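Q: generate coordinates for the sequence data below:
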Amino acid sequence: MDKATRAALSDIAARQLGLFSVTQAKQIGANNAQLMRAEGAGQLRRVRRGVYAAAGVPPTRWEPIVAAALAAGPEAVVSHGSAAAVHGFEYGRADRVELTFARRSGARLPGVVVHRCGNLKPDDVIRKRGVLVTSPCRTLVDISGRLGPLLTEKLLDEGLIARRWTVPQLHECFSRARPNNPGREFLARLLRARGGDVSSDSVLEAGAFRALAPLAPFEVHFSVVLGARVYVLDAAWPDCKIGAEIVGLSHRLASLSAFDRERRKLNALAVAGWKICHLTAAMSPAEMVMAVRLMLAEARQANRYPEIG
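A: The predicted structure is shown next:
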């Protein structure tokens, strides 16, 4: 293999986690015999049949996914659990390779779960790590049936909060999915419940209010008047002087002056005897309820407030 061919292979591999397929090598003039000699000399490492890596390229957790896609050819699309892992979803699986092909095309590969789908549109596919991957929206639609209602709703809202997708984008992607897609009916209800293109913080707030339902009754957007100032709490149990603040994206991106105002608010409420529980997107509904419940229990014990929740 001459120097120019090796350089061309290096350029290809650099875009694909250090991997290249035999088909790609042949396109730039390298043949099977040259690749086998390079492997025998320790210059290449065989990843799977039809895919190599340079000997100095260390394996990564993404290597099996990218290698399978390269071996399957340019029409293969990383999808379902594998795509979820590539996109960084909490419920992705990097240990199981799943690929989608157009209906009646694509060969089966050892250790690869193959899906057939004739309705993948250009907007449903992106290129990442050198191979085709279903978009975040399409990946959510594809895996919603296997996640079940609770995890689907959690992933949907987490994606809205992280600005991974918007409600209109999900509606558009959902309309392209096949009618018998598992979980379709429940996902449709979730999207209808979220209405239009709501802000990420309002989605988090709505989710927190749903989570706190076992602790009802409580006041939403409750105003606390302290002297000449009015402070608004996202949720409050006024009789116990317990409040909950929902910390979303706007809090993380707040200016210094907004940050200072928030700290003055918390200090003033503390002086007035209020205790505030901070709820974040990383908390599960059960964790939100437990955090507030412990504060309520402490308040009841200390001051003999009436039982709530």
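Q: mind giving me the packing neighbours of the helix or strand harbouring G243?
A: Using DSSP states H and E, G243 maps to strand 242-247. Applying 3 or more Cβ pairs under 8 Å, 6 or more residues apart in numbering; DSSP states H and E, we find strand 242-247 packed against helix 200-211, strand 229-237, strand 275-280, helix 285-303. The C-beta positions use only the backbone N, C-alpha and C, and glycine is treated the same way.
Q: where's V230 relative to V224, distance?
A: Plainly put, V230 is 7 Å away from V224 if you go by Cβ to Cβ, to the nearest Å.
Q: kindly report the same for A72.
A: 60 Å.
Q: same drill for these two, tell me which one is more crowded.
A: Counted by other Cβ atoms under 10 Å, A72 and V224 do not tie: A72 has more neighbours, with 24 against 18.
Q: pull up the gap between that one and K275, please.
A: Distance, A72 to K275, by Cβ to Cβ: 57 Å.
Q: so who does the closest residue in space to L70 that isn't next to it in sequence touch?
A: Excluding the flanking residues, the one nearest L70 by Cβ to Cβ, 6 or more residues apart in numbering is S21, at 4.2 Å. Counting by Cβ atoms under 8 Å, 6 or more residues apart in numbering, S21 makes contact with G50, V51, Y52, L70, A71.
Q: gap between the two ends of stretch 66-77?
A: In stretch 66-77, first residue to last residue: 10 Å (Cα to Cα, to the nearest Å).
Q: quick one: it to chain centroid distance?
A: In terms of Cα atoms, centre = their mean, to the nearest Å, the centre of stretch 66-77 is set 23 Å apart from its chain centre.
Q: again with stretch 92-100
A: So, by Cα atoms, centre = their mean, the centroid of stretch 92-100 is 15 Å from its chain's centroid.
Q: check stretch 38-50 too.
A: The answer for stretch 38-50 is 35 Å, by Cα atoms, centre = their mean.
Q: swap in stretch 176-188?
A: Using Cα atoms, centre = their mean, the offset of stretch 176-188 from its chain centre is 19 Å.
Q: do the same with stretch 230-248
A: Taking the mean of its C-alpha atoms, stretch 230-248 sits 29 Å from the chain's own mean (Cα atoms, centre = their mean).
Q: and for stretch 158-176?
A: 11 Å.
Q: now stretch 15-22
A: Chain-centre distance of stretch 15-22: 26 Å, with Cα atoms, centre = their mean.
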